[in-house]
Structures are given as structure tokens and as C-alpha cells.
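*Asks:* No letters, just coordinates:
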């Protein structure tokens, strides 16, 4: 999630904020996993007999090995070994730190100050300030150049090092330069909502709305619904939903978003556990009938694919871009007593028509590769996929 830009002057407009990879200032909360999951709490009242050999081995190593052994490392290795034996890339063990950062990402909130930054020609600049965040309340603004944090200069530090400076302090003293004037702020960290939805009327003449979803975190449905209602109040006639580079997230969030567009007899997706496959239907009746195009690419995974497939099959939406990632499984997360957690596959999901997209991806109705111009200088005008989506719904 770190992007370091050098030797080029950038001004950040709406589409660039969507396209440029930026870092939120909470340490390491990177979505390295492709995720669609819901949580499960399990209580075991006794240790199964088949674990006797494990306990014996654990105790023997701790008492008889010729070197001192870190017990937590033994347990970590044992749990990792069990999950790796499943031969499933989506079942994994996360230590306490990884688990905390993972949960911050998918829960859509973290403890911090609420800014995103980027390194530009060795200068650290604020790209955006989250609404209702501690940074917003004290007056930090997008475009401010950070010169020091807690009296430590940041010019030659990368974004991860800067994150540590903020993470390790209860109060953060930041010096910035704005309009050639130095300003200093002292910020008390607090709970920050991480925005996952951006929106605008992308074609005002034809009243075409645009909503981008970066991840399906626990507050994404609320953000999406608010953005959708705002666009509809402005007489939106068609909609483009962008889930390019979206790795997935909470199953209930994507289900609630799909439900905004379907009727009770419409299938959202199908789920299969180790016993049987069943259809999951929309819960309400929607009056929305306008055209929708969904943008996907090879990094659109899991919940993003559920959304694209549901709207394609059950709403007759266009899907524009290239084949998506291809993850057709659902995980659950179980938090262990020491703060670590395990994430493991419990179900397979299928499109409304019963097709598996696993390792294949959702196939677009309009296959459009992204232009080289866009990667060199991202903008709305040279976003080939977005322009095709606008053309289709116009």
C-alpha cells in the first residue's frame, strides 16, 4: 500500500486518489489476503484424546531440549503447520500483530490520526484527511507537507517508518508547511473510520453516477447506501460501480449492497458447505431499474466477484474489464486467546446460475484492457475501461 513517487510533480484529483496506491497511517494494515469471511466463535470444553501426542511432544521439547525454547514460537509453528497441511492458500494463521492489523482493515477502523500520505521527491505530503478524524478536527489539510513528527524530521523516511512514529505515540506533534508557512499541530489519537467508498456524478450531462469500493469492510454498506442515495437525489439515470483492485471483505456487506438492486425472487449467489448447495435470495424488493455497469480487473476478488456476478446474472448489468481474480471460497475467522487468530475455509460460493468462478474469475460482458496511457498518467479521460462503462450505460 506504499507508493513512492519521485522526479515528477503531481496534483491529486478524484480519479488519481482512486488509482494511486496510498498508505493509510496505521502500521502494516495491508490486505495481503483475498478475503470474504464472517466470524465464528467456538467453545471447546475438553481436549480430544488424539492431541495427547502433541501435548507430549510439546512438554518434552520444553523440558528436555538442550537449548531454551520460546513456547510461543512452538505454538505458532504448530498452528501454522496444521493450517498449511490443508493445502488451501486462504486458510492461515495470523499472529497477534498480523491479526490486529487484518481486523483494522476489514473492520474499517483503527486507532490513529486519520490521514493518508505519499512520498513525492523526498517530501512527505498529506494526500487526504479522513472525515471526523482527529487530524480533521485540528485542521490538517490535503496538500500539507509534513516536515517532522514528534520533533523528528521525516524527509528521508519511508511511509512505514512514519507510520511507526505515529503508532508509537499517544499524542502526535506534527509540523507541516502550507503555503510556505510552517504550522504545528498536536493531535490526540482516536478511533478513525477508514473510508472504503468514493462517489461522484461522473457525467453530469447524462446524469451518470460513479461509486468506487476499495474493500468490503464492516461499514461499507452504510457508506455505499449513503453515496447511492445522494446520487439518486441528484437525478442519477445510470450507475458505474468500480471494484477494480478490491480484494474482498465481509460477506454480509456485499450481500446488503446487492440487495439494494434485486427483488425477493432474485438469487444473489449460491453457497455450498460440506453437505449441500443452497441459493441465497435477496431479502427486499428494489424499485431501481436504471442501467448499471460493474468495473472489474484481475485484482477484483472474492466479495467483488460476488457483486459482479450477482448484478450480471440477476440484474442484467454489464461487466466491463478483464477476468477477475477467481476466488470462490468463504472463510471464517476465529480469535485465539492470546490475540492471534486463524482464518479457514468453510464454504464454496457460486454465481446465481450455479457456476464456480474459482481459479477462473468472473467473465466480463465487455472485455476491455486498460490503456498504457492510463498507467503512465491516470485520469478519467484515458481510463479505457471506465470510458467504455460510461458509453454502455449512457
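*Replies:* Alright, I've got the coordinates. All values reported here derive from a predicted model rather than from experimental measurement.
*Asks:* Can you give the distance of stretch 292-303 from its chain's centre?
*Replies:* 13 Å (CA atoms, centre = their mean, to the nearest Å).
*Asks:* go on, stretch 288-307?
*Replies:* That offset, for stretch 288-307, works out to 15 Å (CA atoms, centre = their mean).
*Asks:* in that stretch, what's buried?
*Replies:* For stretch 288-307, burial by neighbour count (16 or more other CB atoms under 10 Å) applies to 291-297, 300-307. All C-beta atoms are positioned from the backbone trio N, CA, C, and that covers glycine.
*Asks:* and of the residues you listed, the nearest to residue 85?
*Replies:* residue 302 (23.1 Å; CB to CB).
*Asks:* measure the closest residue in space to the closest one that isn't next to it in sequence to residue 380 for me?
*Replies:* Nearest residue to residue 302 in three dimensions, chain neighbours excluded: residue 248, at 2.9 Å (CB to CB, 6 or more residues apart in numbering). Distance from residue 248 to residue 380, counting by CB to CB, to the nearest Å: 26 Å.
*Asks:* before we move on, what about residue 65?
*Replies:* 62 Å.
*Asks:* Who are the contact partners of residue 114?
*Replies:* Residues near residue 114 by CB atoms under 8 Å, 6 or more residues apart in numbering: 25, 129, 130, 133, 134, 135, 136, 192.
*Asks:* try it again with 10 Å
*Replies:* 24-26, 128-137, 140, 187, 189-195 (CB atoms under 10 Å, 6 or more residues apart in numbering).
*Asks:* Need the single longest strand in this protein, by residues.
*Replies:* strand 341-350 (DSSP state E).
*Asks:* Which strands or helices does that one pack on?
*Replies:* When contacts are defined as 3 or more CB pairs under 10 Å, 6 or more residues apart in numbering; DSSP states H and E, strand 341-350 sits against strand 35-39, helix 71-84, strand 92-94, helix 96-107, strand 267-272, strand 277-281, helix 303-314, strand 329-335.
*Asks:* one more time with 6 Å, if that's ok
*Replies:* Here strand 341-350 touches strand 92-94, strand 267-272, strand 329-335, going by 3 or more CB pairs under 6 Å, 6 or more residues apart in numbering; DSSP states H and E.
*Asks:* Which one of those strands lies nearest to residue 281?
*Replies:* strand 267-272 (5.9 Å).
*Asks:* Can you give the distance of the closest one from its chain's centre?
*Replies:* 22 Å.
*Asks:* quick one: that strand to helix 303-314, angle?
*Replies:* 120 degrees (axes from the mean of the first three to the mean of the last three CA atoms, to 10 degrees).
*Asks:* counting contacts, what elements does strand 267-272 pack onto?
*Replies:* strand 277-281, helix 303-314, strand 341-350.
*Asks:* Centre of the chain to the second one, how far?
*Replies:* Spelled out, it's helix 303-314. 17 Å.
*Asks:* Could you number the chain from 512 rather than 1 from now on?
*Replies:* With the count now opening at 512, the last piece we talked about shows up as helix 814-825.
*Asks:* coming back round to it: would you reformat the helices and strands packed on strand 852-861 as CSV and include mean neighbour count and distance to residue 629?
*Replies:* As requested, the helices and strands packed on strand 852-861 are exported to CSV (neighbours: other CB atoms under 10 Å; distance: least, CB to CB, whole Å):
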stretch, mean neighbour count, distance to residue 629
strand 603-605, 22, 28
strand 778-783, 20, 37
strand 840-846, 19, 31
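*Asks:* In TSV, list those strands along with distance to residue 675.
*Replies:* TSV is the format used below for these (distance: least, CB to CB, whole Å):
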stretch	distance to residue 675
strand 603-605	20
strand 778-783	40
strand 840-846	25
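*Asks:* Can you tell me which of those strands is nearest to residue 734?
*Replies:* Short answer: strand 778-783, nearest of the helices and strands packed on strand 852-861 by CB to CB, at 19.7 Å.
*Asks:* Give me the sheet partners of that closest one and which way each runs.
*Replies:* strand 788-792 (antiparallel), strand 852-861 (antiparallel) (DSSP bridges).
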